[in-house]
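>>> Just the structure for this:
(chains A and B)
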There are 2 protein chains.
Amino acid sequence: MSAFNLKGYLEERRLIVERSLKEHLGASTPPVQGRVGKAMEYSLMAGGKRLRPVLCMAACESVGGDSGTALKTASALEMIHTYSLIHDDLPAMDNDDLRRGRPTCHKAFDEATAILAGDALVTSAFHLLAMDRTLPGEVALEVIRIIAEASGAFGMIEGQMRDIEAEGTPLDLEALKELHGLKTGALIRASVEAGAVMGGATSGERDALKRYADKIGLAFQVTDDILNVEGDPQLMGKGVGTDAQLNKATYPALMGLADSKAYATSLVEEAVFALSEFETRAEPLKALALYIVQRQR
Amino acid sequence: MSAFNLKGYLEERRLIVERSLKEHLGASTPPVQGRVGKAMEYSLMAGGKRLRPVLCMAACESVGGDSGTALKTASALEMIHTYSLIHDDLPAMDNDDLRRGRPTCHKAFDEATAILAGDALVTSAFHLLAMDRTLPGEVALEVIRIIAEASGAFGMIEGQMRDIEAEGTPLDLEALKELHGLKTGALIRASVEAGAVMGGATSGERDALKRYADKIGLAFQVTDDILNVEGDPQLMGKGVGTDAQLNKATYPALMGLADSKAYATSLVEEAVFALSEFETRAEPLKALALYIVQRQR
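This is a model prediction of the structure:
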């Protein structure tokens, strides 16, 4: 695995995804204009890691598919992720002023615009998915089903609701894992699963990729919690120590810092193990699993 | 047209749509539970006119299709309409306390829950559309494209943004028509167009139905403004005279009350005329056009 240049791979993929996102924002007729369009662009082009699109394309390739086939879906996933961040940051929700080192959407614009920009991004994502003529109709519909289910009331949204409801009432480890499985895990799994479907995965491959995704989704959240304890605020573009201040249930709070790190590492090992039947095509996914726990932001 | 029993037709269709909505809320595994699910149900089952679903099914039948084929799409349209109402009522948007005579979603629950319930309804609508196995794949995708475009940044959401931006700055008649064409017209047109596509419309029929829909969409809004001047608050379940208090641009304010009524009537005549080539199958659509201007709420 050491031969695989993850940094270059991530950078290349990030640029491809950002070009596709810009194209979709700009190419429609009439072009996205006015306040909502500016707010959509502000949040969408704020420079995230583009992890979900990268995972989607890598999963597609891991089963022998062409990552170009997955590009529109990958872009739609980033739009859905961005919409969830905009809404989660709202005063009525997590009330965050900063995101990726910049004012959150409702701070840079206003609350009404932020709500509408989020609404527009999720709608636009489904529009993009339905317009994807590179996929056979049945595959496109299956991808929409996977993504809509993961981002809806049984996935991401239920996770955010539980997160808000948990304020002030301590969660145990099981409830915390379930919450994260919904709030961040569901869309990460959908990204990988959608990629698998577009790449023409067998049902065995699809199951293996779902196991992989569940493990890295959890590892991602454990690492987020660890970074909130000992990360570099400069690198992360957001505050550190905020979870402890809010007395939030986190892995470090429930398991201790050392055990949380060991847990993240074991999750990554399990994720890599899930792909052991795959050939070298899964190298990017394996490297991504490691990256998820080793990242600094 | 006098022989057509619109009241019975509307009641029958309303019940069919409400059964389908309940089924979709309850049948998923795991069932919609917890706070978000309750808020979705609260707003979705608050008893609207179900105009968009009824239009969608009637349009499908007007070109010889079976209205049962259109039922899932019809339900999804009502979910999207309800989501837009929940978000539009939020304090950061129109800040309304009452909707259909009951507390708005954020008043009955709270703001975070209302935002999430709206998010869940729009996502769930696309999920329902993608799961619709009664339609051929290409038809289902076309329906998703039509609905996503109408409810997105080039349709409903842009209309709501302009409505908010217009506060305090008077609009002229052209700008008002354009705003309504986006805010309410786009989804009404999408409802009719989606019905036409599902019913197997020829391109001539589809164009005629789009002309019909544009006219009734506008007539609907003109009538809304008239009802805000002289409607019965008891029947409408909301306040009257509120537009004038807010100094809002409305048809009665810009054209006078009598001219607004004449305008609504002429729009309905144009809508009915657009369907003159259709046989008796378009009777429900013609009756619906009349109902839109004659309704008391």
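>>> Could I get the CA-only coordinates of stretch A:91-109 as PDB?
C-alpha atoms of stretch A:91-109 as PDB (Å, rounded to 0.1, in the frame of the first residue of the first chain):
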ATOM      1  CA  PRO A  91     -29.100  29.100  15.200                       C
ATOM      2  CA  ALA A  92     -32.100  26.800  15.900                       C
ATOM      3  CA  MET A  93     -29.800  23.800  15.500                       C
ATOM      4  CA  ASP A  94     -26.100  23.800  16.500                       C
ATOM      5  CA  ASN A  95     -25.800  27.600  16.300                       C
ATOM      6  CA  ASP A  96     -22.300  27.600  14.800                       C
ATOM      7  CA  ASP A  97     -20.600  30.800  13.600                       C
ATOM      8  CA  LEU A  98     -17.600  29.200  11.900                       C
ATOM      9  CA  ARG A  99     -17.300  26.400   9.400                       C
ATOM     10  CA  ARG A 100     -14.000  25.500   7.700                       C
ATOM     11  CA  GLY A 101     -12.500  28.700   9.100                       C
ATOM     12  CA  ARG A 102     -15.100  31.000   7.500                       C
ATOM     13  CA  PRO A 103     -18.400  32.400   8.700                       C
ATOM     14  CA  THR A 104     -21.200  29.900   8.400                       C
ATOM     15  CA  CYS A 105     -23.800  30.500   5.600                       C
ATOM     16  CA  HIS A 106     -26.400  32.200   7.900                       C
ATOM     17  CA  LYS A 107     -23.600  34.500   9.200                       C
ATOM     18  CA  ALA A 108     -22.300  35.400   5.800                       C
ATOM     19  CA  PHE A 109     -25.800  35.900   4.400                       C
END
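>>> and it, how far from the chain's centre?
18 Å (CA atoms, centre = their mean, to the nearest Å).
>>> got the buried residues for that stretch?
A:Pro91, A:Ala92, A:Met93, A:Asp94, A:Asp96, A:Arg99, A:Thr104, A:Cys105, A:His106, A:Lys107, A:Ala108, A:Phe109 (16 or more other CB atoms under 10 Å in any protein chain shown). Placement of C-beta: from N, CA and C, glycine included.
>>> Contacts only, for A:Val229.
A:Val240, A:Gly241, A:Asp243, A:Ala244, A:Thr250, A:Pro252, A:Leu257 (CB atoms under 8 Å, 6 or more residues apart in numbering or on different chains).
>>> just the buried members of those residues?
By 16+ other CB under 10 Å, the contacts of A:Val229 give A:Asp243, A:Thr250, A:Pro252 as buried.
>>> List just the nearest of those residues to chain B.
A:Asp243 (18.9 Å; CB to the nearest CB).
>>> Just the element for the closest one, please.
helix A:242-245 (DSSP states H and E).
>>> what about dumping the CA coordinates of that helix to CSV?
Taking Å, rounded to 0.1, in the frame of the first residue of the first chain, the C-alpha atoms of helix A:242-245 are listed here in CSV:
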residue,chain,number,x,y,z
THR,A,242,-16.0,22.7,22.4
ASP,A,243,-17.4,19.2,23.0
ALA,A,244,-16.1,19.1,26.6
GLN,A,245,-17.4,22.6,27.2
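>>> Which strands or helices does it pack on?
helix A:203-230 (3 or more CB pairs under 8 Å, 6 or more residues apart in numbering or on different chains; DSSP states H and E).
>>> rerun at 10 Å
Applying 3 or more CB pairs under 10 Å, 6 or more residues apart in numbering or on different chains; DSSP states H and E, one finds that helix A:242-245 contacts helix A:203-230, helix A:251-255.
>>> Just list what the helix or strand that the longest one is followed by packs against, helices and strands only.
Later in the chain than helix A:203-230, the nearest helix or strand by DSSP H and E is helix A:233-236. Under the contact criterion of 3+ CB pairs under 10 Å, 6+ apart, the helices and strands touching helix A:233-236 comprise helix A:203-230.
>>> tell me the average confidence for the helix it packs on?
The average pLDDT within helix A:203-230 is 96.
>>> try stretch A:134-146
The predicted confidence, averaged over stretch A:134-146, sits at 96.
>>> As CSV, could you dump the C-alpha coordinates of that stretch?
Extracted C-alpha coordinates of stretch A:134-146, given in CSV (Å, rounded to 0.1, in the frame of the first residue of the first chain):
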residue,chain,number,x,y,z
THR,A,134,-24.4,8.4,-18.3
LEU,A,135,-26.2,5.7,-16.2
PRO,A,136,-28.8,3.2,-17.3
GLY,A,137,-32.3,4.3,-16.0
GLU,A,138,-32.6,1.5,-13.5
VAL,A,139,-29.1,2.2,-12.0
ALA,A,140,-29.9,5.9,-11.7
LEU,A,141,-33.1,5.2,-9.9
GLU,A,142,-31.4,2.7,-7.5
VAL,A,143,-28.8,5.4,-6.8
ILE,A,144,-31.5,7.9,-6.0
ARG,A,145,-33.2,5.4,-3.7
ILE,A,146,-30.0,4.7,-1.8
